Every structure is written in C-alpha cells, then in structure tokens.
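1. Task: produce atomic coordinates for the following.
(3 chains)
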Amino acid sequence: MPELPEVETIRCDLYPRVCGRAITAVRITPDAVPLVDGASPAEFQRRLKGRRIEGLSRRGKYLILHLSGGLHLSGGLHLIVHLRMTGALLHRDAAAPADRYVRAVLSLDDGTELRYADLRKLGRLRLVAHPDEAVGRLGPEPLDARFTAARLRQAIGRRRAPIKAVLLDQRALAGLGNIYADEALFAARIHPQRRADTLSEAENRRLHRSIRRVLRDALDNRGASFRDYVDGGGREGRHQFHVKVFRRTGQPCYVCGAEIERTKVGGRSTHFCPRCQPQEVANGPT
DNA sequence: CTTATTCCCTGATTGC
DNA sequence: TGCAATCAGGGAATAA
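-> You can find the predicted model right below:
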C-alpha cells in the first residue's frame, strides 16, 4: 500500500530515468478502462502521445508527470497517478520480461517503457491541465520544512473524530496511510481512538515529531513491502522489518513487552500498544 | 461544515 | 481437504 515514503521512493527511482524522454506510444489494456479517469482510453492515448516528460513530482500519495507540448501540441498537461492499494509504476526495457497485471504502458524514446501495473485496479490515471485539479484539496506535506507543530495543530483544528481518522484524512495532512498513522501514534504514545481536539500541547509536539521521524525512517528504508508494494525498478522496500506495531498483533511491544492489540478505527484495522498508548490521559503535569 | 458508511477490486486468509 | 465467506484499505461518493 503505497503511502508517502513509498511514492517518494518511486519518484526518486524514476526521476533520472524518465525526465526528458518523449512518449512515443501508449497502450491501455481493455480491462483498465475504469483506471483512466475522465477520458476514454483512445482520447487518453491521443493526448499523451508525442509529449515529453519534463518533470516528475509528488504531492501526498500522488505522482505527477509534468508533460510538455509536442511540436504541434499546445498547453501544459499533467498525468496524475494514484497507486491506491496495489498499483506500481515500473521503468523497464521494452524487451524486459512481462510484469503481471500491467494495465497501461507508456513507450519512451530511448527504448524503455513505463508500465502501470495494478492487481486490484483501484488505482487511477488522470490527465489534467493543472495539478491542483487533482491535488488542490490536500493538506500540508508532513516532510516540508514549513510543516511545524503549529501547522499540525491547525490541521487537527476542532475535529472531534479519533486522531487516527484525522491523520488518515488527506485534506488534513497529505501522505499518511494505515501503516504510518499507526506507527506515528505509537511513537508519540497516543491512543489511536483519542479525540483529536483533546491533544495537549505536549502531545501535539510529540505527534508532529513522530510523524516526521516515522516517514523519514521509512524513506531511508525505501518503503514498506507488506504485500504488493515495489519501487520503480520492481524491488521491495525494507521498512516492513522495522515497524513497531503495524501487523504485530499479539507480539510483544519492543518498548514495554505488552502484547500489541488490534482494533478498528474509522473502518481501518488499527494496531497499538495498550501500555505505551493508554486510552486515558495520565493525571498531573508533564 | 462534520462524521460514518458503502463501494470498488482480486488474491490471500479464515471458517466450517 | 474443499469451498465459500471474509479481509485487506485509499479515496470517491453518499448519507445523515
């Protein structure tokens, strides 16, 4: 499940390989129709062919390919890719062995290709004139220098939902998914069910630091491959070996030895340490 | 504005 | 051992 660290790893892999390349051909398999948002596959192909990839950026969990106008193509265009659960964007030689579940292929002018693979077909490919059409409503980037503890407090606002639900809300904060929401709350020693608007100033600061630390560490490990995630070269990440609570139900907490528990918050499976992340706020000043 | 629920999709896992 | 039901979860859509 690609979240911010996974998508950023893919972006770093692909950036030097695809920037400057022109798209010479586009192929979309018939079963990929629902993946192509807002345009027919034929229209999608026609609008992409001949464009040059001028840049590759990331916003939250979205990858953005910045495309040029070709010789007789006018106006900027952006290909927005969201991998959702099982999407992958693979850069391969055109002659490389087939990958499973490939739904779309962009052939490039150096004999390589970008393959979009997606087992469950939950991902989305979308062409827009301005990236904000797709990512304009996203909250702040947690690894941006401008993301301070005050900005986190602002993102939480007066929301009364469980803090984990707010962390998963991309309009509050961009890029966290189920893995890193659980990991950040554990690192901050905050129960996932805590009502978001009741966090103390100290808890808010801990959560801010924890979110950034957890995402940084995951990025250093090239993302977490629990099931389907692979990077831009088809390789797995290593961060699944470093998580503290995610999918560790029944195993001992590395900090206190208590059994990691699993519940549901906002319809998502949620993992936490009942001793390190107590439901009740401790009495007294901290 | 808020929060909760359903749906999409298919391979892996669980239950009987 | 087999087969059906359930689970996984990001985000859009919908309901309240």
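2. Select the longest helix from chain A.
-> Secondary structure of chain A per DSSP state H: the longest helix is helix A:201-220.
3. where along chain A do the helices fall?
-> Under DSSP H, chain A gives helices at A:4-18, A:41-48, A:132-135, A:149-156, A:163-168, A:178-187, A:201-220.
4. right, so those helices: which one is the most enclosed?
-> Mean neighbours per residue, mean count of other CB atoms under 10 Å, is largest over the helices of chain A for helix A:178-187, with a mean of 26. The C-beta positions use only the backbone N, C-alpha and C, and glycine is treated the same way.
5. Give me the residues contacting that one.
-> The contact list for helix A:178-187 (CB atoms under 8 Å, 6 or more residues apart in numbering) reads A:1, A:3-5, A:163-164, A:167-168, A:176, A:191-192, A:206-207, A:210-211, A:213-215, A:218, A:224, A:226, A:243-246, A:268-273, A:276-277.
6. Please see if that helix touches DNA strand B.
-> No - remark: helix A:178-187 sits outside contact range of DNA strand B, by CB under 7 Å from any atom of the strand, the gap being at least 12.9 Å.
7. now do stretch A:235-255
-> No - against DNA strand B, stretch A:235-255 shows no contacts by CB under 7 Å from any atom of the strand, the least distance being 9.8 Å.
8. And that stretch, end to end?
-> Using CA to CA, to the nearest Å, one end of stretch A:235-255 lies 31 Å from the other.
9. which residues touch it?
-> Under CB under 8 Å, 6+ apart, the answer for stretch A:235-255 is A:5-6, A:9, A:178-179, A:182-183, A:186-187, A:217-218, A:221-226, A:229-231, A:258-262, A:271-273, A:275-276.
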